[in-house]
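> Sequence plus the predicted model coming up.
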Amino acid sequence: MTDFTRCTRRTMLRGGAAAAIGGAVALSGAGVAEARSDGRRTGTGAARRGTVPYPFLKGAFAPATEEVTAFNLPVTGRVPAALDGRYLRNGPNVLGLEDPRTHHWMLGQGMVHGVRLRDGRAEWYRNRWVRSAGVAAQLGEPYHGPVPDDDFANNTHVIPYKGKLLAVQESGPAPYELDEELNTVRPYDFGGTLSGAFTAHTKYDERADELHAITYYPTWDHVRHLVIDHTGKVVRTTRIPVADSPMMHDFALTERYVIIFDTPVTFDAAAAEAGAIVPYVWNDKHPARVGVMPRRGGRVRWFEADPGSYYSHTLNAYDDGHSVVVDFITFPAPFFAAGRGTLGDGPSALGTPRLDRLTIDLERGRARPRRIDDRPQEFPRIRESLVSRRHRYGYAATAAAMWTAYETLDGVPPDTHFGNALIKHDLLRGTTQTHRFPKDAAVSEPVFVPAHEHAKAEDDGYVLSYVHNPDRGAADLVILSAQDFTAAPLARIHLPATIPLGLHGSWVPTV
C-alpha cells in the first residue's frame, strides 16, 4: 500500500503519466486505447465510432510549439492611449508530448502570453514557458537553486503582487516569479512565510491591502485560509477541517467573510495508486455545502448547497446587511475533473456552465440559489478594485471550442452548436450585452481595465481578451469599450502566433 503521507503533487499527479507511458492507462470508462501513426486511437470507443480523439490537443487548444518575441505589432483601429501596461494570460501548453495517452489538459506546462501597450502602440508580444526544473531540463537550460518538493510549471493564473509577477497553481506548487519580459526568476514563498500548498485563485482586497487564499492538498484533513498582509508575508493561517480531501478550485471574499465551497470532487487514493493521471473523482457520498467564516478566523457556519451543481469560478461576493451575496459559475453535476470515457484528455461535464447567485441569509440560517443567466459562459471577471465589495457589472466569455471539448465523450463531440462571444452583465438592471465573434474565433477570458486610476463610473474602461482570428490563423488582442460593448472593437492587435484556449490572466499597469 502506498504511504500517501509521503506523496507529493509530482508523485501523485505525474505517477499516472509514467504508468501510461508503459501502457497501463488508468482512465474511467471502457478499455485501453492504442495510439496509431495517423493520430487516431483504436480501442473500445474509437473503434466503435471511428472518431478522432484528443479535443484538448487540437483546434483552439493546439499548443504553441515555440517561444516567440515580436515588436511593433500591427493594429487595426486605435489602441487607447490610456492603456499603459501589459496584458498577460497563463494556460496549459504541453511541451514535448510523446504519447497523448499521458496527457491531461490541466497538467500541461504553463505558458504565459503577454502584450505590452504604451502611448497608443503595441510594443511587443512574448510567450514564455514557466521554467520549472522539469521544463528547464526539457529545454536544455540550467535550473538555478534548489528544486521545490512540489515543483510544477504553474499553468493556471498570472497575477501582479507588490511589484512581483507571479505564475500560480493550486494544490501544492509555490508561485513562480517572472520578470517584466516573462522570464522565470525563481520560486516565490512570500519572504519565507508560505508553508504548504498555494492556490491559483487569490482574492486581493485593495482597500485592506490583503491577499487571501484558500489552499488544499491531497493528504490534508483540512483546507487552509491564508492572509498575506501589507508586508507581503503570510500573517495568519486558519485550518478548516473537511472530509475526503475535496478539490477547492476557487472561493469568495467579502469585507467581513470568507466563503468556502466544499464540493463532491474529492481525492481518490486508490485511483492515485493505480496510476490515474488526475486522481480526483465525483463523489456522491460527499455532501455539497458552503461555509461562511469571519475573515479573521473563527467558527465556520455550514449551509447545504445544491447537489446538482458544481461550483467553478467566482465573479465576486459582498455583504448585504445580514446576508452574503455570491455570484459565480456552476456546471451541472456531476463534474469529471479527470475526464470520462477512453478518449478524454481534459475535464468533462454533462452540460455547459451558467451564471448563478447564492444569497446566504445569516440571520435566518438559509442559503437561496438563483439563476442569473442560463447561456453558456465561464471565466467571470469584475473591476478588480471591487473584489469583496458590491459590484454592478461583470464580464464573461463563451467559447464554442471549450464547451465542445468539455462535452466530448470517447472522441464524439456533442450534437450542439455553440457560439463565441463576450458578455457584459448589468446585475443592477438584470440585463446583458453580448459582443459576438465569428465561428472558429475562440474567445479567452475577458479582463476589465479602468480608463484611468480614478474612473468613477464602474464600467468606465476597456475589456481585453485574446481571440483567435481564423482568417489569419493566429490570435488578436481585442480591445472593447466597456461602455459601448456591442460596438466594433476599438483595436485589434494582430499577434504573430496562435494562443491556445487557456485559463486566467491580468492587466499589469505600469507603475
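Cool, got the structure.

> in the stretch 251-400 of the chain, which spans are helices?
269-274, 400-407 (DSSP state H, counting those that start in this stretch).

> Only C-alpha atoms, please: export the helix or strand just after the longest one in CSV.
Later in the chain than helix 400-407, the nearest helix or strand by DSSP states H and E is strand 420-426. Extracted C-alpha coordinates of strand 420-426, given in CSV (Å, rounded to 0.1, in the frame of the first residue of the first chain):
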residue,chain,number,x,y,z
ASN,A,420,-18.2,32.7,-29.4
ALA,A,421,-18.9,35.9,-27.5
LEU,A,422,-18.0,38.2,-24.6
ILE,A,423,-20.9,39.0,-22.3
LYS,A,424,-21.4,42.1,-20.1
HIS,A,425,-23.8,41.7,-17.2
ASP,A,426,-25.6,44.6,-15.6
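
> So in that sheet, which strands flank strand 420-426, and in what orientation?
Sheet pairing of strand 420-426 (DSSP bridges) gives strand 393-398 (antiparallel), strand 431-437 (antiparallel).

> Out of these, which one sits most buried?
Mean neighbour count (mean count of other CB atoms under 10 Å) peaks for strand 393-398 among these, with a mean of 25. Where C-beta positions appear, they are placed from N, C-alpha and C, glycine not excepted.

> Mind listing residues that contact that one?
With contact meaning CB atoms under 8 Å, 6 or more residues apart in numbering, strand 393-398 is reached by 315-316, 327, 329, 355, 375-383, 418-427, 443-446, 448, 458-459, 463, 465, 482.

> and Pro389, how many residues sit next to it?
Careful, residue 389 is Arg; it's not Pro. As a burial measure, Arg389 scores 18 neighbours (other CB atoms under 10 Å).

> in a strand, that's where Leu211 is, yeah?
Yes. Applying DSSP: H, G, I helix; E, B strand; the rest coil, one finds Leu211 inside a strand.

> neighbours around it, how many?
Using other CB under 10 Å: Leu211 sits among 20 other residues.

> Which of the residues in stretch 242-261 are classified as buried?
Neighbour counts over stretch 242-261 (16 or more other CB atoms under 10 Å) mark 242, 245-254, 257-261 as buried.

> My error: substitute stretch 361-381 in the last question.
Result for stretch 361-381 [16+ other CB under 10 Å]: buried residues 362, 367, 369, 372-373, 375-381.

> next one: stretch 309-321
Result for stretch 309-321 [16+ other CB under 10 Å]: buried residues 309-319.

> picking that back up, for the contacts of strand 393-398, which ChimeraX command selects only the ones that are buried?
Filtering those down to the buried ones (16+ other CB under 10 Å) takes a single ChimeraX command:
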select :315,316,327,329,355,375,376,377,378,379,380,381,382,383,418,419,420,421,422,423,424,425,427,443,444,445,446,448,458,459,463,465,482
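
> rewinding a little: could I get the strands paired with strand 420-426 in CSV, plus columns for mean pLDDT?
Listed next are those as CSV, based on pLDDT from 0 to 100:
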stretch, mean pLDDT
strand 393-398, 98
strand 431-437, 98
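
> Could you export those strands as a markdown table, including distance to Val79?
Formatted as a markdown table, the strands paired with strand 420-426 follow (distance: least, CB to CB, whole Å):
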| stretch | distance to Val79 |
| --- | --- |
| strand 393-398 | 19 |
| strand 431-437 | 18 |
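
> can you tell which of those strands is closest to Asn72?
Asn72 lies closest to strand 431-437 among these, at 25.5 Å (CB to CB).

> give me phi/psi at Val135?
phi -70, psi -40 (degrees, to the nearest 10).

> what two of the buried residues of stretch 309-321 are the furthest from one another?
That would be Tyr310 and Asp319, which, of the buried residues of stretch 309-321, are the farthest apart (CB to CB) at 25.4 Å.

> show me where the stretch 351-500 of the chain has strands.
Per DSSP state E, counting those that start in this stretch, the stretch 351-500 of the chain carries strands over the ranges 354-361, 366-373, 378-381, 393-398, 420-426, 431-437, 447-450, 461-469, 474-481, 491-494.
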